[in-house]
Each structure stands twice: as C-alpha cells, then as structure tokens.
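Engineer: Predicted coordinates and the sequence they were generated for:
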Amino acid sequence: MPWTPFYQMAEFFASDQFRTVLNALNSGFLVTLELFCVTLLGALPLGLIISFGSMSRFRPFGWLASQFGLTPKGRVAKAICAFRPIRLVTRLLVWLVRGTPLVLQIIILFYVPGMLDLFTWGGGETARFTAVSVAFVLNYACYFSEIYRGGIQGVPVGQQEAGQVLGMTKSQIFFRVTLLQMVKRIVPPMSNEIITLVKDTSLARVIALQEVIWMGESFMKGNSGYSGLVWPLFFTAVYYLVFSGVVTILLGKLEKKLEFFR
Amino acid sequence: MAILQVQHLEKHFGKTQVLKDISFELEKGRALAIIGSSGSGKTTLLRCLNFLETPTHGKILVEGQTLFDAEAPATQKESKVRKKRLHFGMVFQSFNLFPQYTVLKNVTLAKELLAKERPDYKANKKQILEEIAQEGRSLLQKMGLEDREGHYPHQLSGGQQQRVAIARALALSPDILCFDEPTSALDPELTGEVLKVIRSLAEQNTTMIIVTHEMAFARDVADQAIFMDKGVIVERGSARQVIDSPREERTRQFLSRYSKS
C-alpha cells in the first residue's frame, strides 16, 4: 500500500506522545523567544552607548592642560594628554566580552556573585532567566557596538561637515543626518548577528534554563512519563528554522525599505 | 568697510605649516578667486573660514566684528561657533548632499531646524514651515531645478547635485558664500551648468570666495584673485591682472600649464 507511511504519520501526529512533546517544546520555545526579545531590546541601545564610548575623544588631562594654556612637551606629557580613559575602558570591556565564550560568561554571571557573597539571583526559573538575560545583553551589546562603530565611521566625514556648516548641533547632525545612513549600512551585518542570536539562546541551558533544547532533551532523560525519546531533540530544529526564517524575511523587508536612497 | 577681514591667519597640522601669515580683505558684493596648485592651502583656508579647522594663529572678522581670534579661546566655544558659521556658506567639491532627503528637504532642513529655536515657532509652526518650503522652491527655481524637488540626490546628475548644494548654502542667506573647487568632480559639460549658476550669482552681487582651477572662469567672474603657493599668498590683485598678466615668476609658472592645454 503506497499510502501506509502517510497513515502512520497522521496517526503519530494525533498521538498523545506527540501532543505532550509539542506542548513542552512550545513552552520551551516561549522562553527562547523571550530571551531573544529581551536581548535585542537591551543590547540594541546599550550597544550604541558602548560604541559612543569606544569612539570617545574625551581627554581629561589634555583638556586640563589646555584650560591652563599649557602645551605638552616631551613624550610622557604628550602620552598623558592624549590618554582617553572612556575609550580605553570600553575597548577593554569589548575585548573581554568578545574574547571569552558566552557560555563561560553565563556560568560566571550566574554563580560567581553567590560564591563571593555579593548577591544572589534568587532561585527558580525567573532568577535563571534574569542572570542569562544580563549575560546575553552584555555580550550582544559588545558585538553590536562594533557594528555600530563601523556603521558610523562608514558615513563620509563630508556629511557631518555639511551639517556643521549649516549650523546644526551635534545631536541634530547625529539624528537627522548620520543615523539613517548608519542604519542602512549596518542592516546586513546586524542580520548576521541577529540570526546568530536566534541560535545562541540555546546556550542558556548551561544553567538549566528551560528553553526549547532543554525541553527536547528532557524526553531522553525522562519527562511526563516518556524517556529515551530522541526525536523531540531533533524536532527543535524546526522551531529554529521557522524562527530564523521569519527574522530573515523581516530584516530583508527593512533592507528593501531603506533602498530609497544610496 | 570690508565685509571680511582675515588677519595673519596661520594653520599647522602637527609640524607642517599649511597656512603662513594669510591676510586679505573682501568687499561686500565682490567675488574673490583663490587659485594655486594642489596642496597650496586653498582648501584649508576655506575650511578655516567655515570653522571646520581651527587656525593656529590669526583673526577672522566679519563686518568689523571678531568672529575668531586664536588668542581668545572664548571665540572658539562650540555653542558660539555654531551661530558664527552662518555668516559663511560652503559648497563642497564632493557636494555632500544628504542622501536620505529629497532635493527640497536638503535645501530646507537646516532652516527648519533653526526655526525651531524661534520663540514663536510653536504658535506659527505651519506658516513658518510653509514659508521655508516656498523659499526653498524659489531657490531651486533659480538653479533651474524646479522639476526636481521630489527627487533624491542619487537620481540627479553631478551638475544638478552641485546646484542643489548651492541652493542649500544660499537658503541660510550667508554673508559670504565659499566654493571649494565646485566643479572639480564634474565632467566639462556638467561644469558649464554649475559655472553658469555661479556666474549669475556674481551678477547679483553675491559676496563669494571661489577656490577653482577654472582659470578663464575665475578671470571673467571674480573681481579679485589671490594666487597661493605653499601656504603663502604669492600674488594678489584684480582677477584679470593676476591671471592675464601675473607679476610674480611663480604665478607665471603655475599659469603657463593652463595656457598650454
């Protein structure tokens, strides 16, 4: 009978096992989705702030010297006057965060405050979610900040100068002139990073946050009376594929929308 | 009295000195051409006038009022500089139009933002914006671009873009309009249409400083000319005299390359 596999499949989709697993995976995916949204909402603005920091030209010692009408002479004095603390601190942070695995950052953020008696995240799912969110926001903000920096520095200097000679303020130049040109430039690299985020959310299971992979795996170990089931874990791929597909389409639309200028 | 006085202007970039003791005056309604080879400091001079560079020494006065004094840091505060810039208009070699705005918006944007600072802005918002748009349209008409107001810069030719940039600079009615090699990025055909616009501005007695490599144009349009070399003014005089019968050997040498081609 050529139809037999289809009957078997239909039977399977109607089975209690399938429904139980699907419910569990759905609830796990909801956590995944939440983590994704919180990370984006936090990291998109925080990344911009960090990018400003890493481009900061604030030189406290040079500024002080100029206030007293001094010009630095000698190598040491010049180096001190050229010192940009904000830039140094932010670039150090970006190096630390980008230079270590996100998994490690999640583990450290979750366990170390308690080990050092600083504070605890509390117990339960909410505490895990908060700790993981902080790690994700910080991590992604650092990656985003470098993308922003590239986008801002990629806008020709002439644009800023045109704004200046027209008497615009610094913030007017940023919001009215630079920003949209920067957004247009960063959409492709941002898309890359956001698609990676979709899948990186699975790292949260390292501190047992019950996201979709954790749920899928639980049916191998034992959950709701089922154990030794392998297919739920594989089935989680469907969620990621659909989700990243939707994200790709949305970002593609944004890219199209920005095509009205060059 | 001269509308613009530049006194002993100097500019250093690190150890290299790009401008050395530059002094000149410009009368209202006159056009001044600055000629010279690349790297002679012409562009830096214009950029100093527009506060895009901070001169190391010297003074800039407009209508007798000190706009910039290297010895007085108070004249260099960002908040004050912003308003002072409005005495000067600038047309760049590379146009620098805002790509995300239409032609009309490019012309009106700065004026709209300035209008926001007016105390009566909130009450008469609609009327003010309508006035600004009307002024923008009439400027575009002067530039022969009335049918392009809804276009985006990338949809225009280089010559049209530069004319929009001129309209944008004129929109703020600057005392002195500066052109930094306005036709150097254009082919000869497009150069013609931009020069025509600048010529008509000269006929309307717009005070202008034009940095250019178009010698015939400079001679016909400008009243005065300055020849610069290695950061100093080598020769100055009426445009016709400097370009047609230069006194200095260095000027002759520079101009001989133009007559040959």
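Structural biologist: It's in. Numbers count the residues shown, from 1 in each chain, chains lettered A, B, ... in the order given.
Engineer: what about the stretch 151-261 of chain B, any weak spots by pLDDT?
Structural biologist: Scanning the stretch 151-261 of chain B for pLDDT under 70 picks out B:259-261.
Engineer: can you tell me the residue of it closest to chain A?
Structural biologist: Nearest to chain A in the stretch 151-261 of chain B, going by Cβ to the nearest Cβ, is residue B:154, at a distance of 4.1 Å. Glycine gets a C-beta too; all of them are placed from N, C-alpha and C.
Engineer: I'd say that residue and residue B:99 touch.
Structural biologist: Yes. With contact defined as Cβ atoms under 8 Å, residue B:154 reaches residue B:99; the gap is 6.3 Å.
Engineer: okay, and the common contacts of the two?
Structural biologist: Both residue B:154 and residue B:99 are contacted by A:261-262, under the criterion Cβ atoms under 8 Å, 6 or more residues apart in numbering or on different chains.
Engineer: Show me which of the two is the more surrounded one.
Structural biologist: residue B:99 (19 against 11; other Cβ atoms under 10 Å in any protein chain shown).
Engineer: For the residue nearest to that one when sequence neighbours are not counted, give me its contacts.
Structural biologist: Spatial nearest neighbour of residue B:99, excluding adjacent residues (Cβ to Cβ, 6 or more residues apart in numbering or on different chains): residue A:261 at 4.4 Å. By Cβ under 8 Å, 6+ apart, the contact set of residue A:261 is A:184, B:99-100, B:152-154.
Engineer: Likewise for residue A:90?
Structural biologist: Contacts of residue A:90 by Cβ under 8 Å, 6+ apart are A:50, A:53-54, A:56, A:145.
Engineer: one more time with 7 Å
Structural biologist: Residue A:90 is in contact with A:50, A:53-54, counting by Cβ atoms under 7 Å, 6 or more residues apart in numbering or on different chains.
Engineer: Just name the closest of these to residue A:37, please.
Structural biologist: Distance to residue A:37 across the contacts of residue A:90 (Cβ to Cβ) is lowest for residue A:50, with 20.1 Å.
Engineer: follow-up on the earlier one: so what pLDDT did the residue nearest to residue B:99 get?
Structural biologist: According to the prediction, residue A:261 has pLDDT 92.
Engineer: Let me see the backbone angles for it.
Structural biologist: Backbone geometry at residue A:261, expressed as degrees, to the nearest 10, gives phi -130, psi 160.
Engineer: how close does it sit to residue A:191?
Structural biologist: Taking Cβ to Cβ, to the nearest Å as the measure, residue A:261 and residue A:191 are separated by 19 Å.
Engineer: mind checking pLDDT for residue A:56?
Structural biologist: Reported pLDDT for residue A:56: 89.
Engineer: Over to it. Which of the three states is it?
Structural biologist: Secondary structure assignment for residue A:56 (DSSP: H, G, I helix; E, B strand; the rest coil): coil.
Engineer: buried sites along the helix or strand of chain A with the lowest mean pLDDT?
Structural biologist: In chain A, the helix or strand scored least confidently by mean pLDDT, DSSP states H and E is helix A:60-67, which has a mean of 82. Within helix A:60-67, the residues that count as buried by 16 or more other Cβ atoms under 10 Å in any protein chain shown are A:61-62, A:65.
Engineer: residue contacts, the spatially most central residue of chain A?
Structural biologist: Nearest residue to the geometric centre of chain A (Cα atoms, centre = their mean): residue A:140, 3.0 Å. Residue A:140 sits next to A:39, A:43, A:197 when contact means Cβ under 7 Å, 6+ apart.
Engineer: Could you give the separation of the host helix or strand of the last one from the chain centroid?
Structural biologist: Looking back up the chat, that one is residue A:197. Using DSSP states H and E, residue A:197 falls within helix A:179-200. Centroid separation for helix A:179-200 versus its chain: 10 Å, with Cα atoms, centre = their mean, to the nearest Å.
Engineer: try stretch A:7-14
Structural biologist: Mean-position distance between stretch A:7-14 and its chain equals 39 Å (Cα atoms, centre = their mean).
Engineer: buried ones in the very next helix or strand once past the least confident helix or strand of chain A?
Structural biologist: The helix or strand immediately downstream of helix A:60-67 is helix A:75-82, counting by DSSP H and E. For helix A:75-82, the neighbour count (16+ other Cβ under 10 Å) marks A:80-81 as buried.
Engineer: quick check: angle from helix A:75-82 to helix A:60-67?
Structural biologist: Interaxial angle, helix A:75-82 versus helix A:60-67 (axes from the mean of the first three to the mean of the last three Cα atoms, to 10 degrees): 100 degrees.
Engineer: Please enumerate residues in contact with helix A:75-82?
Structural biologist: Under Cβ under 7 Å, 6+ apart, the answer for helix A:75-82 is A:59, A:61-62, A:65, A:72.
Engineer: how many other residues sit next to the closest residue to residue B:247 other than its chain neighbours?
Structural biologist: Spatial nearest neighbour of residue B:247, excluding adjacent residues (Cβ to Cβ, 6+ apart): residue B:235 at 6.2 Å. Residue B:235 has 21 neighbouring residues, counting by other Cβ under 10 Å.
Engineer: Is residue B:235 in a helix, a strand, or coil?
Structural biologist: The local conformation at residue B:235, judged by three-state DSSP, is strand.
Engineer: That one: what's it in contact with?
Structural biologist: Contact analysis of residue B:235 by Cβ under 7 Å, 6+ apart lists B:227, B:242, B:246-248, B:251.
Engineer: Please apply the same query to residue B:233.
Structural biologist: Residues near residue B:233 by Cβ under 7 Å, 6+ apart: B:22, B:24, B:226.
Engineer: Tell me where the stretch 151-261 of chain B has helices.
Structural biologist: Per DSSP state H, counting those that start in this stretch, the stretch 151-261 of chain B carries helices over the ranges B:158-170, B:188-203, B:215-221, B:239-244, B:249-260.
Engineer: Do stretch B:107-126 and chain A come into contact?
Structural biologist: Yes. Contact of stretch B:107-126 with chain A (Cβ under 7 Å from any Cβ of the partner chain) involves B:109-110, B:113-114.
Engineer: Most neighbours among those residues, which one?
Structural biologist: The residue in these with the most neighbours, by other Cβ under 10 Å, is residue B:110 (24 neighbours).
Engineer: I'd say it and residue A:169 touch.
Structural biologist: No. In this structure residue B:110 lies outside contact range of residue A:169 using Cβ atoms under 7 Å: 11.0 Å.
Engineer: No further questions, thank you.
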